[in-house]
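Novice: structural data only, the sequence is not supplied:
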């Protein structure tokens, strides 16, 4: 065939085909090669009220699909943290002054105010990479690394996974292992546990950096129950050892009768705390067990997601998490998804609101509200749709609230539960954008 | 119920669940049309799940359960 | 059809059953009518007419009109009278390539220009035959798809031995995933995955039927003008078009273009996947 006559015959062919099949022009074809790359991006804003923590986070996650079901994934996250967080000291009816962790200056909080510390402010960068591939006929293996850094904290980790399908792929059993080494480089060094907060310029005897090792083991079973129901059960074991303290958290020392903070005078010529405070002390080992179950149920077009997790550890903390989402399609290309999460945890054995003046120092003590006893609720709504070019967009708005309760036997003198527990009110706003090419 | 009793009870329940999983419950390959939908995946948006895990890891004493947390951090 | 035919439907059980019955009935009807292996059908009557005039029915006349149009559009490369070449060419992977003389002799009985077609009357010269094998399956799957779509709106995929049509309208979430086999690969792992929501998909390839002699690979697609296979044809060509008939014709023609296959396909402004190895 001469090159000249090799024109576009598609049109002529289309007309001839219409005549042959006796139909009007057929709807245009829609056939696209499965994308090699899939991208998921998300922008998240997390904001607590009353001058507390705010976080702006940008995440990019990319997956490259190779032939034979091999997948490479890479993720990058940047978090910018601002605001302040409760330091563990209890509010008082007078001004309190604290030495900054750097030991170079002081800051004060007013009467009745919850003491907040802002040393953790920073920008955090995190990188993850993973590889997944089939192993033989029935097994799938994965391996990955993770890395994150902020000015006082570095994390490096690796993870492995192996899974096998049984029973016409109705049952999948998985095994996972993750190992991590975190290095902390706290401002001013790691304080000696339960040592007193010193005047400006008087810090001494501290390690400049410390570390902790974390190992996680996961065993899971995923099972198809019927055409509309899929469930998963996981057991995980996590052990952490090393420096588990929060170097910036403190406890107030209070009078055993009145419950008011014990005063102190800074050394002559120096600035320093006006009350007695001690740095917290946690054990150097922690073992956690978790049991997790999740079900996804198809309700004629809507999808119900229900999950429950029970966690217990050797610090005496037990927690229950109940999470549910309902995916409601709206038209052909969009959906609405309400979400509710209920959480409750019991306090750590060594959780203390404050220390008592004159009592023997306990071995471990922490006033970190995150180790206390509290209930939390998250309620939110997500709206997602598909753009004309097949990209996925979603917006999500959620409200997270923590309410703690301090058992009355932990209160001393005039201390009042309601004003002591920091509580938390936060808003979560998230925009996601996903596409493949 | 003490933590130890709770632990035991749940391990027993879990093993029982594992047992039921090994029966021939399930569907034929051609009955998977609903299960194959993206919305029926156990984790529909892994980036979002990771972000949430990170928030709750920073604000609560529990973490993971579904999988591993991505990594530690010094956030409060 | 000579190949396994598959109907995948997203309809409920009862509707899907109906869709399957409708598709199967149409496939069997067309097979019975146009198979060259069955005595008594229109193809048999035409091929045994021995030079006499044969009157064709509406459907056959349409197929012949279509073939005639394609004969012109493809510059005589698509020719339904080229079937007789199978008498000297047997593509069994061996090295039994026919002699020049044998091919020349058979070639005298090939050529649509030698037939007289005045709808609905067809006259072939003695010894000539028509073979609808080149368009039969694609035509059947498009016809079946139309009937299935009329029966039920749910998205439905018909796969008649590699000639595929997606009827109804699937969305991105429910698109059909079609894998293109790696030509020559022994495992069934696809080398390309295509998300098909609507339209036809057809593949032409020579990975199974070919002859190999002195290091030269003879594809089973014969050029009706020379009687010899096309050289330097791609291993496999897959085309996506509005209907499977269009897709099938274009993929066949592309293979017949040999080394110009990609250029030809580029000019048609359609999605195609061309594999050379």
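Specialist: Sure thing, it's come through. A quick note: this is a predicted structure, and the numbers were derived from the prediction, not measured. Numbering: from 1, shown residues only, chains lettered A, B, ... in the order given.
Novice: got phi/psi on the closest residue to chain B within chain A?
Specialist: Residue nearest to chain B within chain A: residue A:170 (2.7 Å; Cβ to the nearest Cβ). C-beta: built from backbone N, CA, C; applies to glycine. The phi/psi pair for residue A:170 (degrees, to the nearest 10) reads phi -80, psi -20.
Novice: test my guess that it contacts residue B:26.
Specialist: Yes. Using Cβ atoms under 8 Å, residue A:170 is in contact with residue B:26, at 2.7 Å.
Novice: neighbour count winner among those two?
Specialist: Between residue A:170 and residue B:26, residue A:170 has the larger neighbour count (other Cβ atoms under 10 Å in any protein chain shown), namely 23 against 20.
Novice: OK, contacts around the residue of chain A closest to chain B?
Specialist: A:223-224, B:24-27 (Cβ atoms under 8 Å, 6 or more residues apart in numbering or on different chains).
Novice: show me where pLDDT drops low in chain B?
Specialist: Along chain B, segments meeting pLDDT under 70 span B:1-24, B:68-76.
Novice: what ranges do the strands span in it?
Specialist: With DSSP state E as the definition, chain B shows no strands.
Novice: ok, and the closest non-adjacent residue to residue A:260?
Specialist: Nearest non-adjacent residue to residue A:260, counting by Cβ to Cβ, 6 or more residues apart in numbering or on different chains: residue A:254, 6.1 Å away.
Novice: partner residues bridging the one you found?
Specialist: residue A:261, residue A:356 (DSSP bridges).
Novice: and what of residue A:82?
Specialist: residue A:54.
Novice: that one contacts residue A:121, doesn't it?
Specialist: Yes. With contacts counted by Cβ under 8 Å, residue A:82 reaches residue A:121, the gap being 5.8 Å.
Novice: phi, psi for the one residue in the stretch 151-277 of chain C that gets nearest to chain A please.
Specialist: Minimum separation of the stretch 151-277 of chain C from chain A (Cβ to the nearest Cβ) falls at residue C:199, amounting to 2.7 Å. Main-chain dihedrals, residue C:199, degrees, to the nearest 10: phi 110, psi -170.
Novice: and for the one 3 residues further on?
Specialist: Summarising the backbone geometry of residue C:202 under the convention degrees, to the nearest 10, its torsions are phi -140, psi 150.
Novice: from memory it sits against residue C:162, does it?
Specialist: Yes. The criterion here is Cβ under 8 Å, and residue C:202 meets it with residue C:162 at 7.2 Å.
Novice: which one's more surrounded, the two?
Specialist: The neighbour comparison of residue C:202 against residue C:162 (other Cβ under 10 Å) goes to residue C:202, with 27 against 20.
Novice: for the lengthiest strand in chain A, list every residue counted as buried.
Specialist: Scanning chain A for the longest strand, with DSSP E as the assignment, gives strand A:210-226. For strand A:210-226, the neighbour count (16 or more other Cβ atoms under 10 Å in any protein chain shown) marks A:210, A:212, A:214, A:216, A:218, A:220-225 as buried.
Novice: distance check, residue A:344 against residue C:169.
Specialist: 47 Å (Cβ to Cβ, to the nearest Å).
Novice: do residue A:49 as well
Specialist: With Cβ to Cβ as the criterion, residue A:49 and residue C:169 are 48 Å apart.
Novice: look at those two and report which has more neighbours.
Specialist: residue C:169 (15 against 12).
Novice: right, and that one touches residue C:197 too?
Specialist: Yes. Residue C:169 is within contact range of residue C:197, at 7.1 Å (criterion: Cβ under 8 Å).
Novice: which parts of the stretch 1-150 of chain C sit against chain A?
Specialist: Listed as neighbours of chain A in the stretch 1-150 of chain C under the rule Cβ under 8 Å from any Cβ of the partner chain: C:62-63, C:65-66, C:69-70, C:73-75, C:77, C:139, C:142-143, C:146.
Novice: farthest pair in the residues you listed?
Specialist: Pairwise distances across those peak at 30.0 Å for C:75 and C:146 (criterion: Cβ to Cβ).
Novice: intersection of neighbour lists for residue A:170 and residue B:26?
Specialist: Listed as contacting both residue A:170 and residue B:26 by Cβ under 8 Å, 6+ apart are A:223-224.
Novice: select the longest helix from the chain.
Specialist: The chain I'm using is chain A. Longest helix of chain A, by residue count under DSSP state H: helix A:10-21.
Novice: hmm, I had chain C in mind actually
Specialist: Counting residues, the longest helix found in chain C (DSSP H) is helix C:13-34.
Novice: going by neighbour count, which residues in that helix are buried?
Specialist: Buried, per 16+ other Cβ under 10 Å, within helix C:13-34: C:15-16, C:18-20, C:22-23, C:26-27, C:30-31, C:33-34.
Novice: of those, closest to residue A:59?
Specialist: Within the buried residues of helix C:13-34, proximity to residue A:59 (Cβ to Cβ) peaks at residue C:16, which comes in at 41.7 Å.
Novice: not counting residues beside it along the chain, what's closest to the closest one?
Specialist: Closest to residue C:16 by Cβ to Cβ, 6+ apart is residue C:9, at 4.0 Å.
Novice: pLDDT weak spots in the stretch 1-150 of chain C?
Specialist: In the stretch 1-150 of chain C (pLDDT under 70), the answer is C:1.
Novice: again, but for the stretch 201-350 of chain A
Specialist: Ranges of the stretch 201-350 of chain A meeting pLDDT under 70: A:205.
Novice: what residues does it put near chain C?
Specialist: A:332-333.
Novice: just the closest residue of the stretch 201-350 of chain A to chain C, please.
Specialist: For the stretch 201-350 of chain A, Cβ to the nearest Cβ, closest residue to chain C: residue A:332, 6.2 Å.
Novice: try the stretch 251-400 of chain A
Specialist: For the stretch 251-400 of chain A, Cβ to the nearest Cβ, closest residue to chain C: residue A:390, 5.4 Å.
Novice: quick one, what contacts residue C:35?
Specialist: Going by Cβ under 8 Å, 6+ apart, residue C:35 touches C:41, C:43.
Novice: repeat that for the one 10 residues further on.
Specialist: The contact partners of residue C:45, taken as Cβ under 8 Å, 6+ apart, are residue C:54.
Novice: measure it to residue C:158 for me?
Specialist: Residue C:45 is 29 Å from residue C:158, by Cβ to Cβ.
Novice: where do the helices of chain C begin and end?
Specialist: So, for chain C - with DSSP H - the helices run C:13-34, C:42-47, C:58-73, C:100-107, C:133-151, C:244-256, C:261-267.
Novice: beta-bridge partners for the residue lying closest to residue A:87 once chain neighbours are set aside, please?
Specialist: Nearest residue to residue A:87, sequence neighbours excluded (Cβ to Cβ, 6+ apart): residue A:117, at 4.0 Å. As for beta bridges, residue A:117 partners with residue A:85 under DSSP bridges.
Novice: what number of residues lie near residue A:117?
Specialist: The burial count for residue A:117: 22, using other Cβ under 10 Å.
Novice: got it, and residue A:108?
Specialist: As a burial measure, residue A:108 scores 12 neighbours (other Cβ under 10 Å).
Novice: what about it, is that helix, strand or coil?
Specialist: Put simply, residue A:108 is strand when judged by DSSP: H, G, I helix; E, B strand; the rest coil.
Novice: contact partners for it?
Specialist: With Cβ under 8 Å, 6+ apart, residue A:108 has these contacts: A:95-98.
Novice: repeat that with 10 Å
Specialist: Counting by Cβ atoms under 10 Å, 6 or more residues apart in numbering or on different chains, residue A:108 touches A:95-98, A:115, A:273-274.
Novice: give me the residue from chain B nearest chain A.
Specialist: Closest point on chain B to chain A, by Cβ to the nearest Cβ, is residue B:26, at 2.7 Å.
Novice: thanks a lot, catch you later.
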